[in-house]
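>>> Next one to model:
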Amino acid sequence: MNWTDADRKSLVAFLQSSAGHKLKNGVITHIINQSQKIVGEGAPVFDAGAVTGMKILWVFIETLTSAGVAPEADQDYE
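Okay, the predicted model is just below:
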């Protein structure tokens, strides 16, 4: 995947929009609620894995907001 600075800026703009805030709050709330349910009820391993996958995917999406051109490609990189 060739993730560009323009892609990063578009994702940041979306996540800062009303819909983006709703998405972020919904995803994070769901992850927290499911994590608490798993710990409190001792849910099956599959459920724990699914929540872990959700967390990893959200971290990946958040990482893309700071990703872009490799530092070596930056003209000011020393």
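
>>> Every contact and neighbour count from this point should use C-alpha atoms.
Fine.

>>> Spatially central residue for the chain, please.
Centroid check for the chain by C-alpha atoms, centre = their mean gives Trp58 as the closest residue, at 2.5 Å.

>>> Any idea how far the helix or strand harbouring it is from the middle of the chain?
Element membership for Trp58, per DSSP states H and E: helix 45-64. Mean-position distance between helix 45-64 and its chain equals 8 Å (C-alpha atoms, centre = their mean, to the nearest Å).

>>> need the strands for this protein, in chain order.
Assigned strands in the chain: none (criterion: DSSP state E).

>>> what's the distance between the residue lying closest to Val27 once chain neighbours are set aside and Glu41?
Nearest non-adjacent residue to Val27, counting by C-alpha to C-alpha, 6 or more residues apart in numbering: Trp58, 7.9 Å away. Distance of Trp58 to Glu41, given as C-alpha to C-alpha, to the nearest Å: 24 Å.

>>> do the same with His21
His21 sits 30 Å away from Glu41, going by C-alpha to C-alpha.
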